[in-house]
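K.L.:
Please find the sequence and the predicted model below.
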Amino acid sequence: MRVDINPFYTRASDNFDSEEKFIKLFSPEILSVFAEHPIWNAVNILRSSPGGGKTTLLKIFTPRVLAAIKSTKNHDDHAKDLFGYLSDLRVFDSKGNSAIASSLMSFSEEYTTLEYLHLKEDQKLRLFCSALNIRIVLSVLNSICVTKEMSYPGDLKRITISEQLNSDVPVELRSLKNGRELFEWASVAEERITDQINSIYTIDPTSIAGGDSFYTLDFLTSSNLRLDGSPLDLRVIVMLDDVQNLSSTQRNFLLQSIINRRPSVNTWVSERLKALTMDELLSEGSLAGRDNNIIVLENFWAKRFGQFEKFSKSVANRRVEVAFENKTDFASFLSTKMSNKYVSIIKDALQKVEARIKNNYGSKSKYLPWIKSVDEITDDDYEKLIEWRALEILIFRDSNKKQQTLAFEELDEEALELQNGNDVKVAAQLFLHEEFKIPFYYGISTICRLASSNIEQFLNIAGQLFDVIQTNGVKRIIDSNHQLALEPEKQEDVIKKIVNVRWKHLSTNVPMFDSVKKVMDSIGEYCYTETYVPNAWNSPGINGIAITMAQRSEIKDKILKDKNNPYYNLARCLTICISYNLIDYKLNYKCKGKEWMILYLNRIYCAKYKLPLNNGKFKEKTLKDLLGWMTNGVNIQSKFKV
């Protein structure tokens, strides 16, 4: 082990000053989010909960990172792979040169301070436009210089400006002929604005440079710029990150301006879900259109768990490389073999379940072929225990049918195989987890599912597991026989501690927490009672509820617009759960002749309520039901029994 610092707590986006470290931690699988969207000549709006990977995704397109990838691809396999992915996206041209000049700007709280100035609303927006336009000018000029390996600002004279200017461009810019003059204008204008903001005197609105629009998003297009007398052979990109840090007025103005303008410069916007209004959170593809891509990262991954698992494993493995001399698969540290502690527990459970089935159903000839089939299984005790418990579920289902099969008295092995699918076996594992406390939440696939399609959530879980792995590494120095990998019960113990800590933090971080807690607890407890029924009717179980899309429309179009509506606080509570990544949602799900809005618990909280981690299973509820839950909680007796 090379380092004591846990590499899972390092985010790729944190390494802004080291392209080498950033590239080493970057996993190219996240670029697949652009596979189905025409990202060029369109406005791309990236959204996610905190830690979804937005900033990391944007940074890979920045000039210095691209230059580092190009310079190291011939002797670094990872950089070579990245180069291939980016070439497919036309980031590099056929000669291997960068085809884009992208500027990345992050909004800090300094922009929100403009809201506190003693100005009219339109004057505040004019000042906001002016400040942002100036930053865009300086950032784009710098990115062109870095991409073309020019000195900044010394070589800016080589960039000339076309005379075909948009009418929105301020008068003072129309006489500028080259990049150096543009740089000097922007530098002076930025200093003037800063001085005025810091002044104790009231700002003179007429002195604010710039117009009332984001003219730079057309002014700085590559067709309007020339380099050494030739057309600029770069696609200019402006990336605006952390838009959630703007005031609601600034954010709405920015988004609406960009969407309505359809700028010539490729414009990308990144923001957290918490920035969205309640109406936007309940709308699918808000602001989306022919020239706009709305990409919610969690929604993208939720439809492609296999890809997210591959991505998460890649991210984890890249961090393990930082800690170990040799490449090591992170999954190899997460053992799926039960420890010696559970050998006797499993053996005892196997005897009990087998005896229970034979005592209850062994005298019925129709079940004898099924019992005989499982009796002959030669797997290890745990696998055999799962088969027996799954059989108990299937026999219970069959024996409680309202109409028994009359044509065939006996049920053959083929019938058992058809019914005993993976869902039933997972349900059996959950039942064994509840009855005998045998670990359920362990293994790399489970860790990936617990992440609920959020890469930072995955890294937080993996990081705390890796803390224990590192401790084991230290113990192994003293005792070479000490096991490095974590046994299932240790993994589950770490996971449940993570859940408990997160839950405690919610009380201080989430608005309306008392109501949120009641809704979350009610959903969790209700799903528990519906999961742990003897026939496992919806195996492997449910972890979500659903309201009709008609009710969702009522929330969006009526309830949220009337604070006196009896369901208003419920609507607020649901949107808070969504924006704080407590609940995942899916719109327009068709089932039983209706369309539904499904509300799934974030998978990390499924471990709190002992629920499965699958998608697709839910139970219908009404707004009236949910209001009752939020007000009084749920009062349901557990249906679990053996």
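P.N.:
It's in.
K.L.:
where does I100 fall, phi/psi-wise?
P.N.:
With angles defined as degrees, to the nearest 10, I100 sits at phi -130, psi 150.
K.L.:
my guess is H433 meets T446, correct?
P.N.:
No. Counting by Cβ atoms under 8 Å, T446 is not a contact partner of H433; they are 11.9 Å apart. Bear in mind the C-beta positions are built from the backbone N, C-alpha and C, glycine included.
K.L.:
quick one: which of these two has more around it?
P.N.:
Comparing H433 with T446 by other Cβ atoms under 10 Å, the one with more neighbours is T446, at 22 against 15.
K.L.:
quick one: the more buried one from V426, how far?
P.N.:
Here T446 is placed at a distance of 11 Å from V426 (Cβ to Cβ, to the nearest Å).
K.L.:
any residues in contact with both of these two?
P.N.:
Shared contacts of T446 and V426, defined by Cβ atoms under 8 Å, 6 or more residues apart in numbering, are absent.
K.L.:
low-confidence ranges in the stretch 401-550 of the chain?
P.N.:
Residue ranges of the stretch 401-550 of the chain with pLDDT under 70: 402-421, 476-477, 479-482.
K.L.:
which residue ranges form the strands in it?
P.N.:
Assigned by DSSP state E, counting those that start in this stretch, the strands in the stretch 401-550 of the chain fall at 544-548.
K.L.:
Which of the helices and strands in the chain ranks last by mean pLDDT?
P.N.:
Among the helices and strands of the chain, helix 413-419 carries the lowest confidence by mean pLDDT, DSSP states H and E, at a mean of 47.
K.L.:
Against I523, how distant is the most centrally placed residue in the chain?
P.N.:
Here the mean C-alpha position of the chain is nearest to the C-alpha of N454 (Cα atoms, centre = their mean), at a distance of 3.0 Å. The span separating N454 from I523 equals 19 Å under the rule Cβ to Cβ.
K.L.:
Then W185?
P.N.:
57 Å.
K.L.:
Could you check which of those two is surrounded by more residues?
P.N.:
I523 (28 against 18).
K.L.:
That one and L601 touch, don't they?
P.N.:
Yes. Shown here, I523 and L601 form a contact pair, counting by Cβ under 8 Å, at 6.1 Å.
K.L.:
what's the overlap in contacts for these two?
P.N.:
When contacts are counted by Cβ under 8 Å, 6+ apart, I523 and L601 are jointly contacted by G544.
K.L.:
Identify the residues contacting the residue nearest to A186 when sequence neighbours are not counted.
P.N.:
Ranked by Cβ to Cβ, 6 or more residues apart in numbering and with sequence neighbours excluded, the top spatial neighbour of A186 is V137, at 4.4 Å. Residues counted as contacts of V137 (Cβ under 8 Å, 6+ apart) are 182-183, 186, 216, 220.
K.L.:
Which single one of those is nearest to D93?
P.N.:
For the contacts of V137, the minimum distance to D93 (Cβ to Cβ) is 20.4 Å, reached by L220.
K.L.:
ok, and the closest non-adjacent residue to that closest one?
P.N.:
V140 (4.9 Å).
K.L.:
any chance of the contacts of V137 in CSV, with pLDDT and distance to W503 too?
P.N.:
As requested, those are arranged in CSV below (pLDDT from 0 to 100; distance: Cβ to Cβ, whole Å):
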residue, pLDDT, distance to W503
L182, 94, 53
F183, 96, 52
A186, 93, 49
T216, 92, 45
L220, 92, 48
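K.L.:
Buried subset of these as a ChimeraX selection?
P.N.:
Applied in ChimeraX, the following selects the buried portion of the contacts of V137 according to 16 or more other Cβ atoms under 10 Å:
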select :182,183,186,216,220
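K.L.:
now, the most widely separated pair of the contacts of V137?
P.N.:
Checking the contacts of V137 against each other with Cβ to Cβ, the farthest-apart pair comes out as F183 and T216, at 13.3 Å.
K.L.:
Hmm, V296 and the residue nearest to the centre of the chain touching each other?
P.N.:
No. Using Cβ under 8 Å, N454 and V296 do not qualify as a contacting pair, with a distance of 11.2 Å.
K.L.:
anything in contact with each of those two?
P.N.:
S48.
K.L.:
which residues of this structure fall in strands?
P.N.:
Using DSSP state E, the strands assigned to the chain run over residues 43-48, 100-106, 159-161, 225-227, 230-231, 235-241, 266-272, 292-296, 544-548, 583-591, 594-601, 619-620.
K.L.:
Indicate which one of the ones you listed is closest to G628.
P.N.:
Among the strands of the chain, strand 544-548 sits nearest to G628 (Cβ to Cβ), with 12.9 Å.
K.L.:
Just the residues contacting that closest one, thanks.
P.N.:
Taking contacts as Cβ under 8 Å, 6+ apart, the residues outside strand 544-548 that touch it are 523, 526-527, 589, 594-601, 617-623, 626.
K.L.:
Okay, now the sheet partners of that strand, with direction.
P.N.:
strand 594-601 (antiparallel), strand 619-620 (parallel) (DSSP bridges).
K.L.:
What angle do strand 583-591 and that strand make with each other?
P.N.:
With axes from the mean of the first three to the mean of the last three Cα atoms, to 10 degrees defining the directions, strand 544-548 sits at 60 degrees from strand 583-591.
K.L.:
Skip the chain neighbours and tell me the closest residue to F183.
P.N.:
The shortest distance from F183 to any residue that is not its chain neighbour, by Cβ to Cβ, 6+ apart, is 4.8 Å, and that residue is P153.
K.L.:
now the one you found: how far from D423?
P.N.:
Using Cβ to Cβ, P153 is found at 63 Å from D423.
K.L.:
now N44
P.N.:
Where D423 is concerned, N44 sits at a distance of 37 Å (Cβ to Cβ).
K.L.:
more crowded one of these two?
P.N.:
Looking at N44 and D423 with other Cβ under 10 Å, you find the greater number of neighbours at N44, namely 22 against 18.
K.L.:
Hmm, N293 and the more buried one touching each other?
P.N.:
Yes. Between N44 and N293 there is a contact at 4.8 Å, judged by Cβ under 8 Å.
K.L.:
intersection of neighbour lists for those two?
P.N.:
Counting by Cβ under 8 Å, 6+ apart, the contacts common to N44 and N293 are H37.
K.L.:
relative orientation of the longest helix seen in the chain and strand 266-272 in degrees?
P.N.:
The helix spanning the most residues in the chain, taking DSSP state H as the definition, is helix 121-147. Interaxial angle of helix 121-147 relative to strand 266-272 (the same axes, to 10 degrees): 110 degrees.
K.L.:
Give me the buried positions along helix 121-147.
P.N.:
For helix 121-147, burial by neighbour count (16+ other Cβ under 10 Å) applies to 123-147.
K.L.:
Then stretch 510-524?
P.N.:
Of the residues in stretch 510-524, those buried by neighbour count under the rule 16+ other Cβ under 10 Å are 510, 515-524.
K.L.:
What of stretch 265-276?
P.N.:
For stretch 265-276, using 16+ other Cβ under 10 Å, the buried residues are 265-273, 275-276.
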